[in-house]
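A.B. asks: Output the structure for:
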Amino acid sequence: MAWNSASFESILAMIVAVLFAVAGVVNLAGRGAVKRDFARWGYPAWFHLLCGALELLCAALLFGQQSRVLGLMLAGAIMVVALFTLLRNREPFGHLAPALIFSALVVVTVALRG
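C.D. replies: Numbers count the residues shown, from 1 in each chain. Next up is the predicted model:
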């Protein structure tokens with residue numbers, strides 16, 4: 001199999017989809033740290049459910065070839081809000097690093113679609 005940017009983009013999109021699916025499940029489960037973080041950031045008690053649902057929707061859109069652009073747009077929007085939240089609340093780098101990695105993966109996936 002010859003590797004080209006299209007096949008690498010598809011693989012990277014699947015990786016991003018899995019990461020968003022995991023994040024969605026974690027936010028929907030709303031275990032202690034998740035609820036505490038959202039409360040500390042000033043979001044309403046139900047906001048982790050909205051975030052989890054949007055992350056799962058993002059993952060589903062990324063899995064489909066026809067819906068991938070929508071999935072990438074949603075992923076980008078989610079990451080902008082996440083980074084804004086983390087920076088506004090002066091979260092330590094350990095909390096910021098996963099969001100930066102997610103964001104970088106989304107940007108690279110978009111660039112490969114080029």
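A.B. asks: What residues of stretch 85-102 count as buried?
C.D. replies: 85-86, 91, 99, 102 (16 or more other C-beta atoms under 10 Å). Glycine gets a C-beta too; all of them are placed from N, C-alpha and C.
A.B. asks: Sorry, wrong one. I was asking about stretch 45-60.
C.D. replies: Those would be 47-48, 51-52, 54-60, for stretch 45-60 by 16+ other C-beta under 10 Å.
A.B. asks: Can you tell me which of these lies closest to residue 71?
C.D. replies: Minimum separation from residue 71 among the buried residues of stretch 45-60 (C-beta to C-beta) is found for residue 58, which lies at 5.4 Å.
A.B. asks: just curious, which of the buried residues of stretch 85-102 is nearest to residue 15?
C.D. replies: Of the buried residues of stretch 85-102, the one sitting nearest to residue 15 (C-beta to C-beta) turns out to be residue 102, at 10.4 Å.
A.B. asks: SS state for that closest one?
C.D. replies: Per DSSP: H, G, I helix; E, B strand; the rest coil, the local secondary structure of residue 102 is helix.
A.B. asks: List the contacts of it.
C.D. replies: Residues counted as contacts of residue 102 (C-beta atoms under 8 Å, 6 or more residues apart in numbering) are 16, 19-20, 23, 75, 79, 82.
A.B. asks: cool, residue 38 as well?
C.D. replies: 45, 47-48, 51.
A.B. asks: where's it relative to residue 92, distance?
C.D. replies: 17 Å (C-beta to C-beta, to the nearest Å).
A.B. asks: Please apply the same query to residue 83.
C.D. replies: Counting by C-beta to C-beta - residue 83 and residue 92 are separated by 14 Å.
A.B. asks: can you check residue 69 too?
C.D. replies: 34 Å.
A.B. asks: same thing with residue 31?
C.D. replies: 20 Å.
A.B. asks: how far out from the middle of the chain is the helix or strand hosting residue 98?
C.D. replies: Secondary structure assignment for residue 98, by DSSP states H and E: helix 93-113. Centre-to-centre, helix 93-113 and its host chain are 8 Å apart (C-alpha atoms, centre = their mean, to the nearest Å).
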